[in-house]
Structures are given as C-alpha cells and as structure tokens.
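In: Just need the structure, nothing else, for what follows:
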Amino acid sequence: MTGTVTGFTLRGGELWRDPWADYAWLRGESPAHHDEAGDFYVLSRFDDVWNAARDTDTFSSASGLTVAYGEMEALGIGENVPMVFLDPPDHTQFRRLVSRGFTPRSVAELEPMIREFVRDRLESIVDAGESDIVERLFKPLPSFVVAHYLGVPIEDRSQFEAWTEAIVAASSGNSAGASDAFSELISYFSDLIERRRSDPGDDLVSMLVALGDDTVGVMRILGFAFTMVAGGNDTATGLLGGAAELLTERLDQRAKLIDAPALIEESIDEFLRLTSPVQNLARTATRDVELHGTTIPAGRKVLLCYAAANRDPLEFGPTAEEFDVERTINKFMTFSYGAHHCLGASAARLQGRVVIEELLSRCPDFAVDTTRADYAEGPYVRRFRSLPFDPG
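Out: As a prediction, this is how the structure comes out:
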C-alpha cells in the first residue's frame with residue numbers, strides 16, 4: 001500500500017504485498033482503531049499488543065481468533081474445541097500434556113530428518129532451474145513436520161494442504177468450505193486415533209491416546225490435531241518465503257550470513273520479527289477497556305496486530321523497519337506471548353535455520369522474484385502462494 005493511508009482494511013491476496021504503511025498509520029494516528037464496518041478494534045503498538053496477549057482474563061480466545069462474530073458456529077467446531085480457543089486454566093492443563101514434544105531438546109532431535117528433506121528438495125530445485133520454491137520446498141516442509149508430529153502416514157499427507165486452505169478461507173467468508181474441511185479433518189483423525197489404540201507410534205497422537213480417555217478425551221485430541229494442521233503449515237511457509245524475500249532484497253545482510261554462518265541461528269528472530277507470518281489474530285474483550293481515549297466495549301472483537309507491533313519504533317528504535325541480522329531482540333510478538341505463546345516456536349525456528357543454512361550453502365547467489373509472486377488469500381497469515389526462484 002502506497003501513498004497516504006487514511007484507514008485500515010483486512011488484507012488478503014495481492015493486498016498483502018505492502019501492508020507496512022498501513023501499520024505505521026495505525027501506530028501513529030489510531031492505536032486503538034475502530035473498524036466500523038466489522039465493528040472490531042485494532043491494536044497496533046507494541047506495548048498494547050504485548051499487554052493484551054498476556055491478559056487472557058480481559059482478552060479471551062474462547063469466541064475465536066478472527067474478527068468474525070459467530071466464528072465457532074461457522075466452523076462447526078462443537079465439542080472439538082482446539083487448544084487455541086481455550087483460555088486458562090483449561091488451556092494450561094492441556095498445553096502441559098503436549099508440550100514435552102515441543103521442548104528445544106525434543107525439537108532438536110528432528111534436525112537430521114529436516115536437513116535431509118531440505119537438501120533433497122534443494123537438489124531437485126537446482127536441477128530444475130527456475131521453479132516455484134513454495135511448491136517445491138516452503139509448503140511441503142512444514143506439512144512434513146506437522147505430519148511427523150501427528151504420526152500421519154506419508155500417503156495421507158497430501159490432504160493437509162486442502163484442509164488448511166479451506167479452513168483459512170473461512171476468514172474470507174467461505175464458511176461452508178471450512179465446515180466441510182473441518183468435518184473431513186475430524187473424520188480422518190477419529191480413524192487415526194482408533195488405529196493408534198492398537199498400533200501406537202512415536203507421535204503425539206499416540207502419546208495422548210496412551211494417557212487414557214479420563215485424562216485426554218477424544219474430542220480434545222481432535223481439537224489438537226486441528227490446531228496442528230491449521231496453524232503449523234501456512235505459518236512456517238510464511239516465514240520461509242519472507243526470509244527468501246529479505247535475503248534477496250538485502251544482499252549486504254546475506255553476505256554477513258555467508259561470511260559468518262554461525263550468525264544464522266542468532267538472526268532467526270530478526271527474520272521472524274520482520275516477516276510476522278501471523279500478521280494478526282483476534283481476541284474478545286470480556287469487559288470494557290479504555291485505551292488511547294477509546295472505549296472498547298465488552299463483547300467486541302479486538303485484533304492484535306502482531307506485525308505492526310513488531311515494527312514499532314517505540315520498541316525497536318528508529319531502524320525498526322530495517323532488516324539487520326545483527327540486531328539484538330529481547331522480545332517480539334511473532335509467536336504471541338503468555339499463555340498462548342506458540343507451542344511450535346522451536347520447530348519454526350529450526351525449520352527457518354536449516355532452510356537458510358542450506359539455501360546459502362547450496363545456492364549462495366539465489367534470487368526470488370516477488371514481482372511475479374502470488375500471495376495467499378486470508379486476512380491473518382501473510383505468505384506467498386507461489387514464489388519464482390532462480391538458484392543462481
């Protein structure tokens with residue numbers, strides 16, 4: 001978006017190309033912005049978003065994470081409530097059960113498998129010459145990782161993308177497609193749960209089944225599967241595509257990483273800060289909130305604009321909009337914060353690090369052409385749907 005910004009709009013598709021001026025306007029001119037058409041509010045300054053994410057008593061997830069009212073009914077979730085729609089203490093109790101699979105140590109054990117996957121894909125991409133790197137690597141890798149966690153057989157993993165796309169489309173108004181996708185997902189994982197009762201594997205579904213119905217019921221396991229499929233795929237794709245874009249735009253920063261590969265791991269949070277794959281998610285105010293001279297009434301949706309917060313000069317200084325692989329970051333909002341801090345943060349960091357390491361090692365002169373790229377629909381996750389890649 002260019003020129004003078006005078007308002008806010010939910011984005012999707014081509015509108016994702018340049019949302020940054022919009023965010024700067026929000027932070028400077030309307031930090032507790034009221035969208036009259038949708039009757040929701042937008043928070044964009046770092047401190048406001050940070051504080052709201054921590055205060056689950058005031059800003060609840062129980063009515064859904066989009067600005068649509070009646071979201072849970074539109075998805076047809078019923079009793080299969082995913083953990084992202086739970087507030088403490090229910091959220092905390094279930095999170096404790098599954099978190100063992102997402103500790104840095106547990107995630108580190110996936111590195112050889114992920115690195116082999118990336119290397120194999122990069123070899124085929126180099127052999128092919130120019131190709132769509134989203135289709136060839138940035139989309140398949142997160143699906144591979146999520147499927148591994150859930151113990152989904154290789155032959156069934158192609159269904160993930162269709163389910164993810166349809167559920168994300170619900171945020172653009174296609175609730176019928178999302179409801180069908182949710183029903184298919186639930187049916188598939190209901191069958192998988194039954195299989196794991198007699199044929200357990202080394203995966204999270206098997207681990208939850210083994211705890212017994214008295215500890216974790218089938219409905220809660222199904223909700224967890226929904227969270228993993230819907231939240232673990234396109235977000236990592238957004239990080240990887242955004243990282244390739246930044247490294248193409250800023251060859252000076254690329255050179256620093258090539259010259260000092262150890263810096264890559266330290267720079268991952270800078271990639272995450274600027275790409276902010278989840279650009280925003282909503283909460284529902286449980287009471288009236290006064291902020292910047294605006295009253296947010298109880299019951300209204302509040303959009304927490306993580307991407308705007310991640311570029312706030314009040315938090316990150318006058319160079320907040322710039323890509324700096326040597327930047328020291330104390331906190332940022334890409335994974336949210338508090339009770340709803342992203343469970344897959346370590347897995348996302350690992351995927352980002354391995355891809356960047358292998359990309360710069362195998363294709364140090366690569367380039368992506370964002371002028372010919374397509375952006376995915378949906379107003380919450382910013383990611384490339386296709387991205388032309390030249391291995392150099």
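
In: if I look at the residue nearest to residue 294 when sequence neighbours are not counted, how far off is residue 332?
Out: In this structure, residue 294 finds its nearest non-sequential neighbour in residue 32, 4.0 Å apart by Cβ to Cβ, 6 or more residues apart in numbering. C-betas here are computed from N, CA, C, even on glycine. Separation of residue 32 from residue 332 (Cβ to Cβ, to the nearest Å) stands at 21 Å.

In: now residue 190
Out: When residue 190 is compared with residue 332 (using Cβ to Cβ), they lie 37 Å apart.

In: ok, the two, which is more surrounded?
Out: Set side by side, residue 190 and residue 332 show more neighbours around residue 332, with 22 against 15, by other Cβ atoms under 10 Å.

In: just the strands in this structure please.
Out: 32-35, 40-43, 59-60, 131-132, 281-285, 289-291, 294-296, 301-304, 367-368, 374-375, 384-386, 388-390 (DSSP state E).

In: Let's have those strands in a markdown table, adding mean neighbour count.
Out: Below are the strands of the chain laid out as a markdown table (neighbours: other Cβ atoms under 10 Å):
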| stretch | mean neighbour count |
| --- | --- |
| strand 32-35 | 18 |
| strand 40-43 | 26 |
| strand 59-60 | 20 |
| strand 131-132 | 20 |
| strand 281-285 | 22 |
| strand 289-291 | 15 |
| strand 294-296 | 16 |
| strand 301-304 | 25 |
| strand 367-368 | 20 |
| strand 374-375 | 18 |
| strand 384-386 | 20 |
| strand 388-390 | 21 |
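
In: any idea of the mean pLDDT in stretch 317-329?
Out: In this model, stretch 317-329 has a mean pLDDT of 97.

In: first vs last residue of it, how far apart are they?
Out: 11 Å (Cα to Cα, to the nearest Å).

In: Check stretch 316-330 too.
Out: 9 Å.

In: if we look at it, which residues are touching it?
Out: Under the criterion Cβ atoms under 8 Å, 6 or more residues apart in numbering, residues 20, 46, 246, 249-250, 253, 256-257, 263, 266-267, 269-270, 273-274, 310-313 lie in contact with stretch 316-330.

In: Now that stretch: buried residues?
Out: Within stretch 316-330, the residues scored as buried using 16 or more other Cβ atoms under 10 Å are 316, 320, 323, 324, 325, 327, 329.

In: list the contacts for residue 140?
Out: Contact partners of residue 140, counting by Cβ under 8 Å, 6+ apart, are residue 121.

In: And the most centrally placed residue in the chain, how close does it get to residue 69?
Out: Centrality entry for the chain: nearest residue to the mean C-alpha point is residue 235, 3.1 Å, by Cα atoms, centre = their mean. Separation of residue 235 from residue 69 (Cβ to Cβ): 24 Å.

In: Residue 146 now?
Out: From residue 146 across to residue 69, the span is 29 Å (Cβ to Cβ).

In: Between these two, which is the more surrounded one?
Out: More crowded of residue 146 and residue 69, by other Cβ under 10 Å: residue 146, with 23 against 16.

In: Which residue lies closest in space to that one, excluding its sequence neighbours?
Out: Leaving aside its chain neighbours, residue 146 sits nearest to residue 232 (4.3 Å; criterion: Cβ to Cβ, 6+ apart).
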